[in-house]
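Novice: Have a look at this prediction, sequence included:
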Amino acid sequence: MSEMPVTPSEEPKKNNTGLIIGIVVVVLLCCCCSVVAGGWFFGDAIVAAMGM
């Protein structure tokens, strides 16, 4: 009996676009929250430093 050669089946690549977009959105939200929190806690000092 002859054996059929075993070839590895190529699985289609998973689409990671949603994951990448999700990570980018989370990073941007963290940056925005940091800016808002910094303005909340240090806003008076920033305004005073700018001379307004």
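Specialist: Cool, the structure landed. Numbers count the residues shown, from 1 in each chain.

Novice: Which helix or which strand is home to Ile46?
Specialist: helix 17-50 (DSSP states H and E).

Novice: pLDDT on that helix, on average?
Specialist: Helix 17-50 carries an average pLDDT of 92.

Novice: Summarise which helices and strands it is packed against.
Specialist: The helices and strands touching helix 17-50, judged by 3 or more C-beta pairs under 8 Å, 6 or more residues apart in numbering; DSSP states H and E, number zero. Quick note: C-beta positions are derived from backbone N, CA and C, even for glycine.

Novice: Give the buried residues for it.
Specialist: Neighbour-count burial for helix 17-50, counted by 16 or more other C-beta atoms under 10 Å, picks out no residue.

Novice: How far away from the center of its chain is it?
Specialist: What separates the centre of helix 17-50 from the centre of its chain is 14 Å, taken as C-alpha atoms, centre = their mean, to the nearest Å.

Novice: Backbone dihedrals for Asn15, both of them.
Specialist: Dihedral angles of Asn15 (phi, psi; degrees, to the nearest 10) stand at phi -90, psi 110.

Novice: neighbours around it, how many?
Specialist: Counted with other C-beta atoms under 10 Å, the neighbours of Asn15 add up to 8.

Novice: how near is Val35 to Lys14?
Specialist: 34 Å (C-beta to C-beta, to the nearest Å).

Novice: Ok, Ala48 next?
Specialist: 52 Å.

Novice: same thing with Val25?
Specialist: 19 Å.

Novice: One more: Ile23?
Specialist: From Ile23 to Lys14 the distance is 15 Å (C-beta to C-beta).

Novice: repeat for Gly22
Specialist: Counting by C-beta to C-beta - Gly22 and Lys14 are separated by 14 Å.

Novice: got it, and Gly43?
Specialist: 44 Å.

Novice: Repeat that for Ala37.
Specialist: Taking C-beta to C-beta, one finds Ala37 at 36 Å from Lys14.

Novice: Next: Ile21.
Specialist: 14 Å.

Novice: State the number of residues packed around Met52.
Specialist: 6.
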